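**Student:** Return a 3D structure for these sequence lines:
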Amino acid sequence: MKGQNTVFVCQSCGAQSRKWLGRCSECDEWNSLVEERSSSAHGRSDARSALTGEGARLYADIESSDAERISSGVSELDRVLGGGMVPGSLVLLGGEPGIGKSTLLLQAAARVAETGRSVLYCSGEESPHQVRARGERLGVTDAPLYLLAETCVERLLEEVTRLSPGLVIVDSIQTMFSSKLESAPGTIGQVREAATQLLFAAKGRNVTVLIVGHVTKDGNLAGPKVLEHVVDTVLSFEGDRHHAHRVVRAVKNRFGAVSELGVFRMTATGLETVPNPSQLFLSERKSDAPGSVVLCSIEGSRPILVEVQALVGTGAYGNAQRVTSGVDRQRLSLLLTVLEKRVGLHPTGEDVFVNVPGGVLVNEPAADLAVVAAVASSMRNQPVLPRVAVFGEVGLAGEIRGVTQAGLRVREAAQMGFTRCLLPLTNRGPDIAEPGCELIGVGTVAEALEGLFA
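**Tutor:** Below is the predicted model of the structure:
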């Protein structure tokens, strides 16, 4: 038919081909190409005009204005978003199945509705009765909260036009489809088309749209990579089903800082905010155990104290294991080599296990000193001095390099009752001093271990 194009789209990377191939030429995935038919125009010319409503203007003629943010009613979610939801923004929340994405968004929808703003909650996976049952468990009161069980994005936008809500929640983007495409919901083309139409609706109507996204077995967001480029904010919902707490992390945010962290606790009545994550992560720590060190970490603008544990044992059959949870495995191998070459410890033939309890993921270089101290403590079978917190980056020469936001780290350690803080020598100064907390500046790994086991 005229105006119709038939292409084969890879469901892994989004690459397109005019003919079917058993193996994608871009990502080398087998049997991942699916036939899709779409019109050449896609009806996007009208949507583009609705996005701005006017032609090009000079930069100097445009007035800057700070839009008032909408509070979600959940303090930890507002923190991750940068202070609240920006009108006209498109936010993507991704996470594993059963982690609590729908629970969090339903709580936020109910609290926004309680302020008098109308909210449209569109669920493509559950009926309104199922959403109502969850709402009763969460204690959702009668408020202008509209429930819609719909998977067609055009019919969803018709309801948005009719109700003019202040917040739209779509759960999830993988279940939505556009009638302009003939492919099945969840395919690359459908996800891209649905996200684009929701983007035009958010910008054109100045309404905040929150969409839920599934993740693959590798932990990445499912669907085309363009989905993450289209949205304004990408939030990652992380956590272990065997732990009660959950973490929301900002991966991308056009209206705030990235790497911000929000901590929640899963309870029978929904997700509760955790105002003091340091107390939560250190509540079960055994201070006199070898291989346990407290790290002063920074997540976005928030300082958090976490425990770093290490266990070193004799390797079996000469095959030393390197197992990590919460820290990078390649970084651990580097630090073990530094310990051997610069300090004289020999963990090469030993099994080394490093863990950050609570399922917290620590990626910053400031965790190096805590990992080195925990491994040395386990090898010596000697606990570090009590009430000591550490942070610092370790270089290949065995030097301790300075890190950012040292004052926030020291302040958090002092508030949690730690009387001594081991930090890089370049970060030590009178401007970060805290009453009751002794600052010990170290320049090398050897000096740090002497200060921890003196």
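**Student:** you'd agree residue 169 is in a strand?
**Tutor:** Yes. Residue state for residue 169 (DSSP: H, G, I helix; E, B strand; the rest coil) corresponds to a strand.
**Student:** Longest strand in this structure, please.
**Tutor:** Secondary structure of the chain per DSSP state E: the longest strand is strand 302-314.
**Student:** Return the list of strands paired to the very next helix or strand once past that one, each annotated with direction.
**Tutor:** With elements assigned by DSSP states H and E, the helix or strand that comes after strand 302-314 is strand 322-325. Using DSSP bridges, strand 322-325 pairs in its sheet with strand 350-355 (parallel).
**Student:** for residue 417, what are its contacts?
**Tutor:** Counting by C-beta atoms under 8 Å, 6 or more residues apart in numbering, residue 417 touches residue 387. Backbone N, C-alpha and C define where each C-beta goes, glycine included.
**Student:** quick one: it and residue 98, what's the gap?
**Tutor:** Separation of residue 417 from residue 98 (C-beta to C-beta, to the nearest Å) stands at 36 Å.
**Student:** ok, now residue 319?
**Tutor:** Applying C-beta to C-beta, the value for residue 319 to residue 98 is 36 Å.
**Student:** what sits up against stretch 138-158?
**Tutor:** Defining contact as C-beta under 8 Å, 6+ apart, one finds that stretch 138-158 is touched by 103, 106-107, 109-110, 113-114, 116-124, 126-128, 131-132, 159, 163, 165, 170, 175-179, 185, 193-194, 197-198, 201, 269-270.
**Student:** now the helices: where do they sit in the stretch 51-200 of the chain?
**Tutor:** Listed from the start of the chain, the stretch 51-200 of the chain has helices (DSSP state H, counting those that start in this stretch) covering 75-81, 101-114, 128-138, 153-163, 188-205.
**Student:** where does the stretch 301-450 of the chain have low pLDDT?
**Tutor:** Flagging of the stretch 301-450 of the chain using pLDDT under 70 yields the residue ranges 316-318.
**Student:** in stretch 190-206, what's buried?
**Tutor:** In terms of neighbour count (16 or more other C-beta atoms under 10 Å), stretch 190-206 has its buried residues at 190-205.
**Student:** pLDDT (mean, whole number) over it?
**Tutor:** The average of the pLDDT scores along stretch 190-206 is 91.
**Student:** so how far is it from its chain's centroid?
**Tutor:** In terms of C-alpha atoms, centre = their mean, to the nearest Å, the centre of stretch 190-206 is set 23 Å apart from its chain centre.
**Student:** could you dump it to CSV, C-alpha only?
**Tutor:** The C-alpha trace of stretch 190-206 is given here as CSV (Å, rounded to 0.1, in the frame of the first residue of the first chain):
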residue,chain,number,x,y,z
GLN,A,190,5.9,0.6,19.4
VAL,A,191,7.9,1.6,22.4
ARG,A,192,9.6,4.4,20.4
GLU,A,193,6.3,5.6,19.0
ALA,A,194,4.4,5.6,22.3
ALA,A,195,7.2,7.4,24.1
THR,A,196,7.4,10.0,21.4
GLN,A,197,3.7,10.7,21.5
LEU,A,198,3.8,11.0,25.3
LEU,A,199,6.7,13.4,25.0
PHE,A,200,4.7,15.7,22.6
ALA,A,201,1.7,15.5,25.0
ALA,A,202,3.8,16.4,28.0
LYS,A,203,5.5,19.4,26.3
GLY,A,204,2.5,20.6,24.4
ARG,A,205,0.1,20.4,27.4
ASN,A,206,2.7,21.3,30.1
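**Student:** Use 46 as the first number from now on
**Tutor:** In the new count, where the first residue is 46, that last one comes out as stretch 235-251.
**Student:** Helices of the stretch 346-495 of the chain, start to end?
**Tutor:** Under the criterion DSSP H, counting those that start in this stretch, the stretch 346-495 of the chain contains helices at 374-383, 413-425, 451-460, 490-498.
**Student:** What's the local residue count around residue 80?
**Tutor:** The local packing count at residue 80 equals 12, with neighbours defined by other C-beta atoms under 10 Å.
**Student:** quick one: it and residue 61 touch, right?
**Tutor:** No. Under the criterion of C-beta atoms under 8 Å, residue 80 makes no contact with residue 61, lying 11.0 Å away.
**Student:** hang on, isn't residue 418 packed against residue 494?
**Tutor:** Yes. Counting by C-beta under 8 Å, residue 418 does reach residue 494; the two are 6.9 Å apart.
**Student:** Which one's more surrounded, those two?
**Tutor:** Comparing residue 418 with residue 494 by other C-beta under 10 Å, the one with more neighbours is residue 418, at 28 against 22.
**Student:** list the contacts for the closest residue to the more buried one other than its chain neighbours?
**Tutor:** Closest residue in space to residue 418, ignoring its immediate chain neighbours: residue 338 at 4.6 Å, by C-beta to C-beta, 6 or more residues apart in numbering. Taking C-beta under 8 Å, 6+ apart, we find residue 338 in contact with 352-353, 355, 415, 418-419, 422, 429, 433, 435, 497.
**Student:** Please apply the same query to residue 327.
**Tutor:** Residue 327 makes contact with 339, 350-352, 461 under the criterion C-beta under 8 Å, 6+ apart.
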